[in-house]
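A.B. asks: Predicted model and sequence follow; I will ask about them next.
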Amino acid sequence: MFTPEAMREADQKAAEMGYPSLLLMEWAGMKAARVYKELFGQRPAVVLAGKGNNGGDGLVLARHLLLEGVRVRVYAAPDQAGDALQAKNALLAHGAELYPLEEAAFGEGEVVVDALFGTGLKGPLTGFYAGLVERVNASGLPILALDLPSGLPYSPHVRATATVAFAAFKTPHLLMREACGRLFLAEIGLPKALLEREDLPEVATPEALRPLLPRRPLTAHKGSVGRVGVLGGYRGDGLRYAGAPVLAALGAYRMGAGLVHLAVPEGTPLEPLEAVFHPLPAPALPPMRVEALAVGMGGGPWGVLWAMRALEAGLPTVLDADALHLEVVAAYRRAGAKAVLTPHAGEAGRLLGRSPEEVAKDPLEAARTLARETGLTVVLKGNPTVVAEGERLSLNPTGNPALATGGTGDVLSGAIATLLAAGLPPFEAARLGVYLHGLAGDLLAEEKGVGLLAKEVAEALPRAREALLSGTRGAPWERV
Ligand SMILES: NC(=O)C1=CN([C@@H]2O[C@H](COP(=O)(O)OP(=O)(O)OC[C@H]3O[C@@H](n4cnc5c(N)ncnc54)[C@H](O)[C@@H]3O)[C@@H](O)[C@H]2O)[C@@H](O)CC1
Ligand SMILES: Nc1ncnc2c1ncn2[C@@H]1O[C@H](COP(=O)(O)OP(=O)(O)O)[C@@H](O)[C@H]1O
Ligand SMILES: [K+]
């Protein structure tokens, strides 16, 4: 995923290589016109073209729509230059109607193409452009945004029905996804070498994750596919969160664990039936043959104790919820442990000494800082969930607000622990677990909408796994 600056660098390098930038603009406009036709058919278009290259893309799109017999009205900023001017001249040669941007007006049944600003925006829109963006949003018409909804990453910005990203996703496509609507990713001919940047955050794709899925040989048995120990729950408050470790156990089994051991306070209902139970009077590490642990769910004040006991096992460990305290993280760091932290913004804020709002404002930076400071793998949950380890950052594209319900995070901890138990390194276990958990939520939301139970998310994990394995479910965007 590119920052707007990194994208400009790539464009610049292409130019230095002698790659004609007009070709890129032609492809961008042509691909966007293709998306327009796919979504809106012959509906008349109102194209708003800014004076930079984003506007140029819009002018190319207008020409292609005209050639397809679509009625097009273009409102363009004055003073186009360079490629955008060439695009304008080509459009005029086709006898297009071009009007000043100040006269922009929208009619019933039309579709707005937003080609005002892309990666060249510097600072928030004000004055005329802020007003125009508000009018576009208030028009009630469908909006197709080229490259980025204009105004992003600031406000005000266009709220698009669909967005065609050119060459690569840029930060706002993932971090401000709500403004983008349906996402399309258009190849525009930029040389591949310029797009492969290991130093930039990745957006996890099914193609990258599929090979990580643990395969099961015919001879597999419950002791060979990964066993998980779950340590959680708290006695002192009348077992208020007794369900949390149970949900982690369900997440583990549904992700494919061979066996799940549950270390919980005495008196905890013995669920699920498939688990091996270790009822305990106080947090401890009972004897269990497992390859990974999930620790802290529903642990309350026992959370830290569970985590300290768990450290003695020397196993890859998911630390969640009440285990997420500074002293725990410091001890794991000192021990050189393999651990995955799974905080939401509140828990990450507690570890970083920031408010949840500050964390949510820049989750990439927060996840990276936490990973650097702790030396551990970090899963910062939210939309999008960010996975960080060392200098590596991965953004997860699956998941939806139907997952915003109690216990879904516990399911995730169990799922990641299973992938650790199956032998995946922490970063891979975290990316794959988060992707499948989000996909399970997506499959369920399509079927049932909002109102999910966390245990249903666990139950949908095998379907998500199958969908990833068989390729029946691709990335949540379309390539054009
Ligand atoms: N090789 C390339 O450079 C390619 C670029 N492409 C398109 O070009 C876009 C980037 O083009 P540009 O770099 O020309 O930038 P933009 O077209 O995004 O915007 C630049 C214009 O906006 C003005 N501006 C910046 N901030 C403003 C603000 N806050 N208020 C009012 N005006 C403001 C600038 O003065 C400039 O005139 C991409 O998003 C993409 O759509 C595509 O054509 C593909 C190839
Ligand atoms: N709006 C959302 N979009 C995508 N995923 C979400 C959203 N809200 C919550 N989730 C996911 O649901 C899970 C909630 O975890 P958490 O907050 O720890 O809940 P709990 O502690 O109740 O289990 C996380 O995986 C998170 O990413
Ligand atoms: K735009």
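C.D. replies: Good, I have the coordinates. Numbers count the residues shown, from 1 in each chain. Ligands and ions are numbered 1, 2, ... in the order given.
A.B. asks: C-alpha from now on. contacts and neighbour counts both.
C.D. replies: Noted.
A.B. asks: Tell me which residues touch Thr205, please.
C.D. replies: Counting by Cα atoms under 8 Å, 6 or more residues apart in numbering, Thr205 touches 397, 475.
A.B. asks: Now with 7 Å, please.
C.D. replies: Residues counted as contacts of Thr205 (Cα atoms under 7 Å, 6 or more residues apart in numbering) are Ala475.
A.B. asks: Repeat that for Ala337.
C.D. replies: Taking Cα under 7 Å, 6+ apart, we find Ala337 in contact with Gly314.
A.B. asks: and if you look at the one 3 residues further on?
C.D. replies: Val340 makes contact with 317-319, 376-378, 426 under the criterion Cα under 7 Å, 6+ apart.
A.B. asks: Backbone dihedrals for it, please?
C.D. replies: Main-chain dihedrals, Val340, degrees, to the nearest 10: phi -110, psi 120.
A.B. asks: coming back round to it: and the contacts of Val340, which is closest to ligand 2?
C.D. replies: Nearest to ligand 2, judged by Cα to the nearest ligand atom, of the contacts of Val340 is Leu319 at 11.3 Å.
A.B. asks: Can you name the residues bridging to that closest one?
C.D. replies: Using DSSP bridges, the bridge partners assigned to Leu319 are Val295, Leu341.
A.B. asks: burial of it, as a residue count?
C.D. replies: Counted with other Cα atoms under 10 Å, residues neighbouring Leu319 total 31.
A.B. asks: One more: Ser394?
C.D. replies: Neighbour count for Ser394, taken as other Cα under 10 Å: 24.
A.B. asks: One more: Glu68?
C.D. replies: A total of 14 residues lie near Glu68 under the criterion other Cα under 10 Å.
A.B. asks: try Ile143
C.D. replies: The local packing of Ile143 (other Cα under 10 Å) involves 27 other residues.
A.B. asks: Wait, it touches Val113, no?
C.D. replies: Yes. Counting by Cα atoms under 7 Å, Val113 is a contact partner of Ile143 at 5.8 Å.
A.B. asks: Please put the alpha-carbon coordinates of the longest helix along the chain into CSV.
C.D. replies: The longest helix of the chain (DSSP state H) is helix 426-448. In CSV, the C-alpha atoms belonging to helix 426-448 read as follows (Å, rounded to 0.1, in the frame of the first residue of the first chain):
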residue,chain,number,x,y,z
PRO,A,426,3.9,-15.3,14.6
PHE,A,427,3.5,-12.8,11.8
GLU,A,428,2.1,-15.3,9.4
ALA,A,429,-0.2,-16.8,12.1
ALA,A,430,-1.5,-13.4,12.9
ARG,A,431,-2.1,-12.3,9.3
LEU,A,432,-3.8,-15.5,8.4
GLY,A,433,-5.9,-15.7,11.6
VAL,A,434,-7.1,-12.1,11.2
TYR,A,435,-8.0,-12.6,7.6
LEU,A,436,-10.0,-15.7,8.1
HIS,A,437,-11.7,-14.3,11.2
GLY,A,438,-12.7,-11.2,9.2
LEU,A,439,-13.9,-13.4,6.3
ALA,A,440,-16.0,-15.5,8.6
GLY,A,441,-17.6,-12.3,9.8
ASP,A,442,-18.2,-11.2,6.1
LEU,A,443,-19.8,-14.5,5.1
LEU,A,444,-22.0,-14.4,8.2
ALA,A,445,-23.0,-10.7,7.7
GLU,A,446,-24.0,-11.4,4.1
GLU,A,447,-26.3,-14.2,5.4
LYS,A,448,-27.6,-12.7,8.6
